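S.K.: after the sequence you'll find the predicted model.
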Amino acid sequence: MTNPFRKSAEYRTLAASNREAIEAYNQHMLALLFTVGAVMMIIPLASVPFSKTKGPLVPLYIAVIICFSLLALVAKLPSLKRYTLLALYIGFSIFFSSSIYLSVFHSPHTRATILIGVLCLVPLSFIDRPLRMNLFIAFWVILHTILAVVFKPRYAFDDAVNTFAFAILGCFFGNHTILIQVRGYEIQRLLTIEGETDSLTGLYNRRKLFETLENPKTAISGIFMIDIDLFKNYNEQYGHLKADEAMKALARTLQAEEMITFYRYGGEEFVGLCPQGLTKEELHARAEALREAIAEMHLDGPPITVSIGVALSGDMERLSYESIIEHADRAVFAAKQQGRNRVVVDSA
């Protein structure tokens, strides 16, 4: 038998890694459920002229339609995205309250039916901590049972048994479904990382670089092109293992640079995207500091040096990102021509 505590720990770990995917799913379900809920109430409201029992329920139907319609509109406001889970719990509280009213006060001479459906629907409708969702369902089951004992004692025992059984069923399948969903998000996240990350260095790869540059929201002040000096000779003289360790150490040094995002461009070449707001002098100073840090790395083997070419973004309407990379590459070539282990800023 699977340990529920282990499942709970697994959920917490996976949920922390896939928070954005879970939030997006809940936001989608929020708008969808409230829209569907409002439409569902229109159906019994339309049947009022043909039913003697539904007439007194008109105010309830109208109130629920208004509540769900307002919640559906509010759910679309970007500023309220942080309250998605709260809105979901409020929405389902309206569902439960309406179901309990129908079961206990409107139809005290019949067994609960709608409530049973809600108990199965809730755990399958959104993603949250299973324990919190289970406690939420338990609260409504207990409340309905207490009210049934007081106001409909004839069917209180039957309702208690039925609602408890369906609550167990709903929670079991709901918790299982939630875990399957977050596992799926984790698989997708890892596949995305694998597709965007260089396996040796852990830096973003060339594919991710161009995806970033093609994004209209990307705004940079310049690009670093870094080339390890005489790395082919290093590889041949000291072996692949030493070369790989040097490459990993270089990647760690690049990752320590908080403002600049680095990508492995290919072979021993790396590209850094510099955020907006940095001047030519600031870019040069950061490149020099980076060059010195790499030269001073403690390796299990001889040190390495790099040549760094810096190209400014300038007028982006005039200069494409591909052109900036070409300018940075030209600056690297100039640095190597001038003796390597130096920084050259492209003059274009």
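M.R.: Arrived safely, thanks for sending.
S.K.: quick one, what contacts M133?
M.R.: For M133, the contacting residues are V122, P123, C171, G174, N175, I178, taking Cβ atoms under 8 Å, 6 or more residues apart in numbering as the criterion. In this view, the C-beta of every residue, glycine as well, is placed from N, C-alpha and C.
S.K.: how close does it get to L88?
M.R.: Here the distance between M133 and L88 works out to 10 Å (Cβ to Cβ, to the nearest Å).
S.K.: what do you get for F126?
M.R.: F126 is 5 Å from L88, by Cβ to Cβ.
S.K.: between those two, which contacts overlap?
M.R.: Jointly contacting F126 and L88 under the rule Cβ under 8 Å, 6+ apart are N26, M29, L30, L33.
S.K.: including distance to E10, secondary structure and neighbour count, could the residues you listed go into CSV?
M.R.: Converted to CSV, the shared contacts of F126 and L88 look like this (distance: Cβ to Cβ, whole Å; DSSP: H, G, I helix; E, B strand; the rest coil; neighbours: other Cβ atoms under 10 Å):
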residue, distance to E10, secondary structure, neighbour count
N26, 19, helix, 19
M29, 22, helix, 18
L30, 25, helix, 25
L33, 26, helix, 22
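S.K.: helices along the stretch 151-300 of the chain, start to end?
M.R.: Along the stretch 151-300 of the chain, the stretches classed as helices by DSSP state H, counting those that start in this stretch are 153-196, 206-214, 231-238, 240-255, 280-295.
S.K.: and stretch 146-161, average pLDDT?
M.R.: Across stretch 146-161, the average pLDDT comes to 93.
S.K.: give me the buried subset of the contacts of M133.
M.R.: Of all these considered here, the ones buried according to neighbour count by 16 or more other Cβ atoms under 10 Å are V122, P123, C171, G174, N175, I178.
S.K.: which of the residues you listed lies closest to R19?
M.R.: I178 (14.2 Å; Cβ to Cβ).
S.K.: the residue lying closest to the closest one once chain neighbours are set aside: what secondary structure?
M.R.: Spatial nearest neighbour of I178, excluding adjacent residues (Cβ to Cβ, 6 or more residues apart in numbering): I127 at 5.4 Å. The local conformation at I127, judged by DSSP: H, G, I helix; E, B strand; the rest coil, is coil.
S.K.: go ahead and confirm I127 touches I22.
M.R.: Yes: with the criterion set as Cβ atoms under 8 Å, I127 and I22 qualify as a contacting pair; they are 5.0 Å apart.
S.K.: the more surrounded of these two?
M.R.: In this view I127 and I22 are compared by other Cβ atoms under 10 Å, and I127 has more residues nearby, 25 against 22.
S.K.: contacts only, for the more buried one.
M.R.: Shown in contact with I127 (Cβ under 8 Å, 6+ apart): A15, I22, Y25, N26, I178, Q181, V182.
S.K.: go again with 6 Å.
M.R.: Shown in contact with I127 (Cβ atoms under 6 Å, 6 or more residues apart in numbering): I22, Y25, N26, I178.
S.K.: how close does it sit to N175?
M.R.: Taken as Cβ to Cβ, the span from I127 to N175 is 11 Å.
S.K.: ok, now V344?
M.R.: With the distance defined as Cβ to Cβ, V344 ends up 59 Å from N175.
S.K.: what do you get for I114?
M.R.: For I114, the distance to N175 (Cβ to Cβ) stands at 23 Å.
S.K.: try A219
M.R.: As for A219, its distance to N175 is 44 Å (criterion: Cβ to Cβ).
S.K.: what do you get for Y263?
M.R.: The separation that Y263 has from N175, given Cβ to Cβ, amounts to 40 Å.
S.K.: name the nearest residue to F92, sequence neighbours excluded.
M.R.: Here the nearest residue to F92 in space, its sequence neighbours aside, is V122; by Cβ to Cβ, 6+ apart that works out to 5.3 Å.
S.K.: pull the stretch of helix or strand the one you found belongs to out as CSV, backbone CA atoms only.
M.R.: Mapping V122 onto the secondary structure by DSSP states H and E places it in helix 114-125. Once non-C-alpha atoms are left out, helix 114-125 reads as follows in CSV (Å, rounded to 0.1, in the frame of the first residue of the first chain):
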residue,chain,number,x,y,z
ILE,A,114,-26.8,17.0,-6.1
LEU,A,115,-24.5,17.1,-3.1
ILE,A,116,-23.1,13.7,-4.0
GLY,A,117,-22.2,15.0,-7.5
VAL,A,118,-20.4,18.1,-6.0
LEU,A,119,-18.4,15.9,-3.7
CYS,A,120,-17.0,14.0,-6.7
LEU,A,121,-16.5,17.1,-8.8
VAL,A,122,-14.5,19.2,-6.4
PRO,A,123,-11.3,17.1,-6.1
LEU,A,124,-11.1,16.7,-9.8
SER,A,125,-11.6,20.4,-10.7
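S.K.: what's it in contact with?
M.R.: With Cβ under 6 Å, 6+ apart as the test, helix 114-125 has contacts from 29, 92, 95, 99, 102-103, 133, 166-167, 170-171, 174, 177.
S.K.: what bits of the stretch 201-348 of the chain have low per-residue confidence?
M.R.: Along the stretch 201-348 of the chain, segments meeting pLDDT under 70 span 315-319, 347-348.
S.K.: give the contact list for Q181.
M.R.: When contacts are counted by Cβ under 6 Å, 6+ apart, Q181 touches no other residue.
S.K.: apply 10 Å and report the result again.
M.R.: Under the criterion of Cβ atoms under 10 Å, 6 or more residues apart in numbering, the contact list for Q181 reads L14, N18, A21, I22, Y25, I127.
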